Each structure stands twice: as structure tokens, then as C-alpha cells.
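Asks: Requesting a structural model of the entry that follows:
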Amino acid sequence: MTDSAPLRRLARRVHVRVTVRSAVRRATESLPAVIQIVAAAVASYSISHFLLGHPTPFIAVAVTITSLGLTRDARPRRVFDNALGVAIGITLSELMVLVVGKGVWQIALVLFVVLLVSRAFSPNPAFAVAAAVQSGIVVIVPDPSGLAFTRSLDAIVAGVVALLATALIPRNPNRDASRGRRRLFATVDEGVGNVVDCLRDADEAAGELGLNRLRRTQPLIDAWTTDLESAIAVAKISPFLRARLPELHRDVRFLAAADLAARHLRTVARRAEFLVRDGVKRPALAEIVARLATGLRLIGEEADDPQLAGAARSLLTDAARQLDPAVIVPDAHLTDQAIVLMLRPLVVDLLVGTGMPIEEARDLLPEV
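Replies: The predicted structure is shown next:
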């Protein structure tokens, strides 16, 4: 009992440090979005209050925050859909209040209708909840100006300001996409390194570790896909980010290559883990997998250093020409040769990721 106490204290300290670091990282990464939301909310309030004369434009501020949000997806279409849906919910609520008035059963009716309409409008449950909250305010809280559709006008103002903020105060989605790319390529590189160790040293545990790491790539691919789609959509309407569109479209090519490579490598890792159970080292297979891993790493580094353009293609071209089972493992069992055959579509996908046409990449492979 006494010996375990220091270990428990150490575990608690490590847990606290990790928690604090995660909290600081989340806050730091959300800083651009927070600045954008605050600026847009203040702008919406100022327009509704000072220009339109609305005494307490709560709806303008609330709809602005709801439309922009803190999600990874900052695409203008998402912002527009959120703003439009909430505005429709508020307008529908004000129309119903004019017809049926205010009261307990009127609250139930308005919420029922708005929730159904919102769910039909958007598949996101949080969106329907946000629209229903705004509708509840319309039914319960008196209109401070005494005029109908004041809140609807505030919602329209908020939607327009949110869209303008997306274009004029962008969250630098290119930075998020770059971060996602580095995380994905680093994870794939670690996984392939384990597969190389597995084949070179006949280490079954290394193969299992590599497979587990490669399985973790799918959430990273999904996150990078969202970041890239968001970055491209924002760059198309933002005068400050439009010049980065070629770079973002290039990253789409890299994403496709990394996605396909991860899928192929998971299959290779499973095969390698099974293969080395006989305890036989396979340095020839390890070497060719290591060369492909280097090519994949160069593709990821090319995004940060354009001077590396061509290095990955050159290395992968040489590797593709050697992917003949009869040459790499001439006297091996068919199971060894099967891994070489698995690497052939992988190298084609990687070459396409460097910008080479797919037919040209396939022509590099020797006939088998």
C-alpha cells in the first residue's frame, strides 16, 4: 500500500498536466473563431441597436453566435443554412403569435411547429434546438419595440453579418488543414515504420502496433477532409485567402494519396503480422516498404517545402519499376510475393498523389 501511493500521486500529476495542456490547446486553437464570433456579435448588435433603433437586440447577438459556432466546419454554406433556418423559425414564430397570441398552449404549439420544421430543414439536432430556443423567446418575452417582426429583422441582420464575418474575418482554416495534414502523415509514417520493423526483425508485436496506428488514421482523414473543404469554401469568398486556393487544391491531391495509402498499408500490416509468425526475417520486403514510406513522407513534406517537389516522384518511380515479386523475393513463398503485389497499387496511388497521371504510373510497373 505504501509503495503504490507515490505511483498514484504521479499518475494524478500526469493526468492534471495532460488535462491542463489539452485545455490550453483547445483555447488556443479556438482563438481565431472566438475573435470572429465576438466581432460579428458586436457588429450585429450595433447595427440593430444604433441603426435600426431596437432597444435590446438579443436575437441579433444570439443568432450570430449560433450561425458561426465553434465547430471545425466553417463553410459559408453551413453558416448560411444555420442563419436562414433560425431566421425562418423566428419569423414563423412571430407569424403564429400574431394569429394565435401568447399563452401556455401557444408556447406548446409554436415549439412543436418550429421543432418539426427545423428538423426537416437540417439533419443537425442542435440546429433544431437552437431554432426552438429563439422561438420560445419570441413567444414568452414581449417585443421591446412594440412592433411586429422586429426579431425577424434582427435575425436577418445577424445572418448577413455572420456571412460577412466568414469572408472578411476568416478563421485561417488553412492553418487547421495544415495541422491536420501533419498529424495524418506523422501517424502513417509511424505505422509504416512499425511494419518495416516487423518484416526486418520478424517482430509480430511491431506489426500489431503498426496496424493499430494505421487504424487510427481514419478519424484524422475525416478531420483533414472537413478542414480542407471548409478552407476551400472560405477561400473562394474571402479576398484575404483566395490566393491560397492552388495550395489547398494541391492538398486535396495529397489527402487522396494519404487516404488510399493508409487503406493499402492496413492490409499490408495485417499480412506482415501474420507472415512473421514463422520467425523468418524478411529484409528485402522491409527495404521496399521502407522506400515507399520515404516517398509518402516526402509527399507530406512537399506541402510545407515546395522545393521538395519531384523528390517523391523520382523515388517512387524507381521503386515502382522494381515491384516484381520474382526480383524482390525470387525464391520466397507465394505469401511473401503477395505482399509485393499489394504494394503495386499503393505505389500507383502515391505517384498519382505527386501529380502523375494514373495511366503513366501504371505503365511503370513491371509485368508479372
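Asks: Per-residue pLDDT of the nearest residue to residue 266 once chain neighbours are set aside, please?
Replies: Excluding the flanking residues, the one nearest residue 266 by CB to CB, 6 or more residues apart in numbering is residue 214, at 4.7 Å. From N, CA and C alone the C-beta is placed, and that goes for glycine too. Model confidence at residue 214, given as pLDDT, is 93.
Asks: What is the neighbour count of residue 214?
Replies: 26 (other CB atoms under 10 Å).
Asks: Find the helix or strand that it is a member of.
Replies: helix 204-215 (DSSP states H and E).
Asks: what element comes up after whichever helix or strand residue 219 is part of heading to the C-terminus?
Replies: Residue 219 is part of helix 217-237, with elements assigned from DSSP H and E. Following helix 217-237 in sequence order, the next helix or strand is helix 245-275 (DSSP H and E).
Asks: helices or strands next to that next one in the packing?
Replies: helix 173-201, helix 204-215, helix 217-237, helix 283-302, helix 334-353 (3 or more CB pairs under 8 Å, 6 or more residues apart in numbering; DSSP states H and E).
Asks: can I get those helices in CSV with distance to residue 112?
Replies: Conversion of the helices and strands packed on helix 245-275 to CSV gives the following (distance: least, CB to CB, whole Å):
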stretch, distance to residue 112
helix 173-201, 38
helix 204-215, 44
helix 217-237, 33
helix 283-302, 52
helix 334-353, 51
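Asks: Nearest to residue 367, out of these?
Replies: Closest of these to residue 367 is helix 334-353, at 11.1 Å (criterion: CB to CB).
Asks: Give me the buried positions along the closest one.
Replies: 336-340, 342-353 (16 or more other CB atoms under 10 Å).
Asks: Same check on stretch 352-368?
Replies: 352-354, 356, 361-362, 364-365.
Asks: again, but for stretch 149-166
Replies: 150-163, 165-166.
Asks: ok, residues contacting that stretch?
Replies: For stretch 149-166, the surrounding residues in contact (CB atoms under 8 Å, 6 or more residues apart in numbering) are 36-37, 39-40, 43-44, 47-48, 52, 54, 57-64, 67-68, 74, 76, 79-80, 82-84, 86-87, 90-91, 94, 134, 137-138, 143-144, 234, 237-238.
Asks: cool, stretch 68-78 as well?
Replies: 30, 33-34, 36-37, 40, 79, 82, 162-163, 165-167, 170-171, 173, 176, 223, 226-227, 229-230, 233-234, 237.
Asks: Look up how far residue 159 lies from residue 27.
Replies: Distance, residue 27 to residue 159, by CB to CB, to the nearest Å: 27 Å.
Asks: Buried residues, the helix holding residue 214. List them.
Replies: For helix 204-215, the neighbour count (16+ other CB under 10 Å) marks 204, 206-211, 213-214 as buried.
Asks: Reformat those residues as a markdown table; add distance to residue 5.
Replies: Below are those laid out as a markdown table (distance: CB to CB, whole Å):
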| residue | distance to residue 5 |
| --- | --- |
| 204 | 37 |
| 206 | 35 |
| 207 | 38 |
| 208 | 34 |
| 209 | 32 |
| 210 | 37 |
| 211 | 37 |
| 213 | 34 |
| 214 | 39 |
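Asks: closest to residue 7 out of the helices and strands packed on helix 245-275?
Replies: helix 204-215 (24.8 Å).
Asks: Could you list the low-confidence segments of the stretch 101-250 of the chain?
Replies: 144-148, 172-174 (pLDDT under 70).
Asks: mind redoing it with 50?
Replies: Within the stretch 101-250 of the chain, not a single segment meets pLDDT under 50.
Asks: nearest residue to residue 229 other than its sequence neighbours?
Replies: Nearest non-adjacent residue to residue 229 (CB to CB, 6+ apart): residue 75, at 6.5 Å.
Asks: Mind pulling up the pLDDT for the one you found?
Replies: 83.
Asks: go on, residue 346?
Replies: 93.
Asks: In this structure it contacts residue 261, no?
Replies: Yes. Assessed by CB atoms under 8 Å, residue 346 is found in contact with residue 261 at 6.1 Å.
Asks: shared neighbours of those two, anything?
Replies: Counting by CB under 8 Å, 6+ apart, nothing touches both residue 346 and residue 261.
Asks: For residue 42, pull up the helix or strand it's in.
Replies: Assigned by DSSP H and E, residue 42 falls in helix 31-46.
Asks: Tell me how far that helix lies from the chain's centre.
Replies: 23 Å (CA atoms, centre = their mean, to the nearest Å).
Asks: what mean pLDDT would you report for the helix or strand following it?
Replies: Going down the chain from helix 31-46, the next helix or strand is helix 58-68, by DSSP H and E. Taken as a whole, helix 58-68 carries a mean pLDDT of 89.
Asks: How far off centre is whichever helix or strand comes after helix 58-68?
Replies: The C-terminal neighbour of helix 58-68 among helices and strands, as given by DSSP H and E, is helix 76-100. In this view, helix 76-100 has its centroid 29 Å away from the chain centroid, taken as CA atoms, centre = their mean.
Asks: Three-state assignment for residue 366, please.
Replies: coil (DSSP: H, G, I helix; E, B strand; the rest coil).
Asks: ok, the closest residue in space to it that isn't next to it in sequence - contacts?
Replies: Nearest residue to residue 366 in three dimensions, chain neighbours excluded: residue 324, at 4.3 Å (CB to CB, 6+ apart). When contacts are counted by CB under 8 Å, 6+ apart, residue 324 touches 340, 366, 368.
Asks: So for this structure, the centremost residue is which one?
Replies: residue 223 (2.0 Å; CA atoms, centre = their mean).
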